[in-house]
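> Dropping the sequence and predicted coords here.
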Amino acid sequence: MKETVVSGIRSTGKLHLGNYYGALGNFVKMQDEYNCFFFIADLHSLTTHPTPGDLSRTVKQVVIEYLAAGIDPEKSTIYVQSDVPEVTELYLYMNMNAYLGELERATAFKDKVRDNPDNVNSGLLTYPVLMASDILLHHATKVPVGKDQEQHLEMTRTFGNRFNRLYNVDYFKEAFAFSYSDKLVKIPGLDGNGKMGKSNGDASCVYLTDSADVIRKKVMRAVSDSGPTELNQPKPEAIQNLFDLMRVVSTADTLAHFEDLYANCNIRYGDFKKQLAEDMVLATEPVRSRIEDITNDEEYIKKVIQMGAEKASESARKTVREVREIIGIKKLY
Ligand code: TYM
C-alpha cells in the first residue's frame, strides 16, 4: 500500500515563490510515489476575514496554480477544504485533546498575536487543530511543507498520539514534514528580513503570476547595501537572502561566480540582481504560461474541483465514522 500524503495552501491570494519552492514543488514530485491529497485551505483563511467575493476568487486561483505547477488531478486528489465538511467534525473532536497552554505557545500563533493584536480570534488559536484534522482525516504520514510549518506537524503528532492513548487504540498514524532536499525549505523575502510571505507586503514577494517585467522591477528594488569592504566578510541578512534565492533559481556555477565576486569585494549588485531576476523569470515561465491557459478553461477547473471533492469525501467519511465509533458516539434510536 502506498503511503498517504496530505498538504494544503491557504486561499489568501496568489501563490509566491515561498509556496512554490516550500510546498508546491514537492507536491508535484510526490504524486507518482504516494497516494496524494492536496487541498485549498479555505477554512484556515477565514481567520483573517476575507470578503465572500475574495474568498471564492482566491480558492479558484489556488486550484489554477496547483494545476499550472503540474499537479495531475488524475494522479492526485485536489480538493477544496470546505467541500469536505467532515474535517470540521474531526476538528471538534480533536479540540477536546488540545490544551490552551500548548496552543498559546505555538510560534505561528505568537507571531500573529504580535502582528495583529486586534484580531486574536479563537480560530487562530486552534489553527493547528484544524491543520492536524486535515492530516489525520486521511491518515497521512508525509506532509510536504516549508520550514515554518514544522511545529504544526509536531503538534499534529501530539494530538494524534493523545487521542490514541485516551481511547487506548492504535488509530492515528504519525505524520512528518517532508521535503526532497535534506532540510525543509525557507524562501526569504526581498525586503531584507524574514521569509517571503504576503504579510510582509507585495514588494517582498515574487508571485507565480508576476510578469517578467514585474519580477525584474521587484528584484532590482530588493533591499541590499553598499557592498562588502573587506575580503571574505560574512554577509548581512538582506544580502544572504538574495544569495539564498539565487541558490534556488540559478545554476551552481552562477551562484559560485557571484559568491567569488562577493568574497573578493568585486561584486556589483546591479549585475547580481539582473542575473537573479533573469533566472527567476526563467524558472517561473512554464508555470506562468500554464496559469493563463488554465484560467480560460472554466469547465476543466469545475470538473477538477468536483472530482476532488468526491474522492476526498470518501476517505473523510470513513475516518469520521470510525472516530465516532471509537469515541462512543452512537445513534440510540
Ligand atoms: P500557507 O498558505 O501559509 O503556506 C502554504 C505552504 O507554503 C509554505 N511556505 C513557505 N515555504 C518556504 N518559504 C516560505 N517563505 C514560505 N511561505 C509559505 C508553507 O510552509 C506551506 O507549506 N498551515 C498551512 C496550510 C495547511 C496545511 C494543512 C498544510 C492547512 N492544513 C495540512 C499541510 C497539511 C500553511 O502554512 O499555509
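Looks like it came in fine. Quick caveat: nothing in here was measured; it's all calculated off a predicted structure.

> Leaving out the residues flanking it, which one is nearest to residue 19?
The shortest distance from residue 19 to any non-neighbouring residue, by CB to CB, 6 or more residues apart in numbering, is to residue 9 (5.6 Å). Yep, even glycine has a C-beta here, placed from its N, CA and C like the rest.

> For that neighbour, list the residues it contacts.
The contact partners of residue 9, taken as CB atoms under 8 Å, 6 or more residues apart in numbering, are 15, 19, 23-24, 40-41, 62, 66.

> So which of these is the closest to residue 144?
Looking at those and their distance to residue 144, the nearest is residue 23, at 5.6 Å (CB to CB).

> measure the closest one to residue 32 for me?
17 Å (CB to CB, to the nearest Å).

> Of the two, give the one with the bigger neighbour count.
Shown here are residue 23 and residue 32; by other CB atoms under 10 Å, residue 23 has more neighbours (24 against 11).

> quick one: average confidence on stretch 258-277?
Stretch 258-277 carries an average pLDDT of 97.

> chain center to that stretch: distance?
Centroid displacement of stretch 258-277 relative to its chain, using CA atoms, centre = their mean, to the nearest Å, is 30 Å.

> Tell me the secondary structure of the nearest residue to residue 201 once chain neighbours are set aside, please.
Among residues not flanking residue 201 along the chain, residue 191 sits closest, at 6.7 Å (CB to CB, 6+ apart). Secondary structure for residue 191, judged by DSSP: H, G, I helix; E, B strand; the rest coil, is coil.

> correct me, but residue 191 touches residue 197?
No - counting by CB atoms under 8 Å, residue 191 does not reach residue 197; the two are 10.0 Å apart.

> Between the two, which contacts overlap?
residue 204.

> which bits of this structure sit near the ligand?
Neighbours of the ligand within the chain, by CB under 6 Å from any ligand atom: 6-10, 18-19, 22-23, 41, 44, 131, 134-135, 143, 145-146, 148-149, 185-187, 195-197.

> Filter those residues down to the buried ones, ChimeraX style.
Per 16 or more other CB atoms under 10 Å, the buried members of the residues of the chain next to the ligand correspond to this ChimeraX selection:
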select :6,7,8,9,10,18,19,22,23,41,44,131,134,135,143,145,146,148,149,185,187,195,196,197
